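A.B. asks: Have a look at this prediction, sequence included:
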Amino acid sequence: MKLFRNPKSGHCHRVELMMSLLDVPYEPVDLDMMNGAHKAPDYLKINPLGQVPAIDDNGTTLSDSNGIVAYLVEAYGDDHPWTAQSPVEAAEIQRWLSIAASEIASGPCAARLVTLFGAPIDHEAAKAKSNALFEVMNEALGNRTYLVGERLTIADVAGYSYIAHAPEGGVSLEPYPAIRAWLARIEAHPRFVGMEKSPLPEAV
């Protein structure tokens, strides 16, 4: 399997993390996005939106990080129940996947895009969105081990990367002990793999 990625992308890392947790071997293909490799005609055949990540699994090409994570669990899942075991869990997992695509993307992901890549995004607004989300998450994680109960699921995989690296975007995790404990539990998994770290901005 080939994984087309940017090693500093949290969207790509959530796919790498899922692959590692499932012990799925893959070949990383780093795209030179600064020089437009993600817009090259050959890559647009794999992902017409010109985004990362994307995978090529022996001729099956897929894009969208949450979609790829769901595919990996269905295609290569082990005995661990990564997905829902009840209608309520299904709704909760979908809620956190939606948060990953919305509040996480416009909060800690966006803040990090400003500090790492100089993206023309309102940094203060992104940090405010991050802290509003983290208040909710910290309370939710105060009485449970993972986002959906007492076991690691794809909801945690989808949420981990940008939250763990929020300080790189100028958003401190110090006020959120339950979030920090949740991150530590994920990182303690024997097949955990981290994302490449970037320098912290001076304001953190």
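C.D. replies: Now that the structure is in, tell me what you want to look at.

A.B. asks: what residue ranges in the protein score low on pLDDT?
C.D. replies: Where the chain drops to pLDDT under 70, the residues are 203-204.

A.B. asks: again, only using 50
C.D. replies: For the chain, applying pLDDT under 50 flags the ranges 204.

A.B. asks: Longest helix in it, please.
C.D. replies: In the chain, with assignment by DSSP state H, the single longest helix is helix 123-140.

A.B. asks: contacts for it?
C.D. replies: If you take CB atoms under 8 Å, 6 or more residues apart in numbering as the criterion, helix 123-140 is touched by 99, 103-104, 106-108, 110-111, 114-115, 147, 159, 163, 166, 169-171, 173, 175-179. Heads up, the C-betas are built off the backbone N, CA and C, glycines and all.

A.B. asks: helices or strands next to the helix or strand following it in the packing?
C.D. replies: Once the chain leaves helix 123-140, the next helix or strand it forms, by DSSP states H and E, is helix 154-164. Applying 3 or more CB pairs under 8 Å, 6 or more residues apart in numbering; DSSP states H and E, one finds that helix 154-164 contacts helix 10-22, helix 65-76, helix 87-101, helix 103-104, helix 123-140, helix 177-187.

A.B. asks: so can I have a markdown table of those helices showing mean neighbour count and distance to P48?
C.D. replies: Formatted as a markdown table, the helices and strands packed on helix 154-164 follow (neighbours: other CB atoms under 10 Å; distance: least, CB to CB, whole Å):
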| stretch | mean neighbour count | distance to P48 |
| --- | --- | --- |
| helix 10-22 | 24 | 16 |
| helix 65-76 | 19 | 14 |
| helix 87-101 | 16 | 18 |
| helix 103-104 | 22 | 24 |
| helix 123-140 | 18 | 27 |
| helix 177-187 | 16 | 32 |
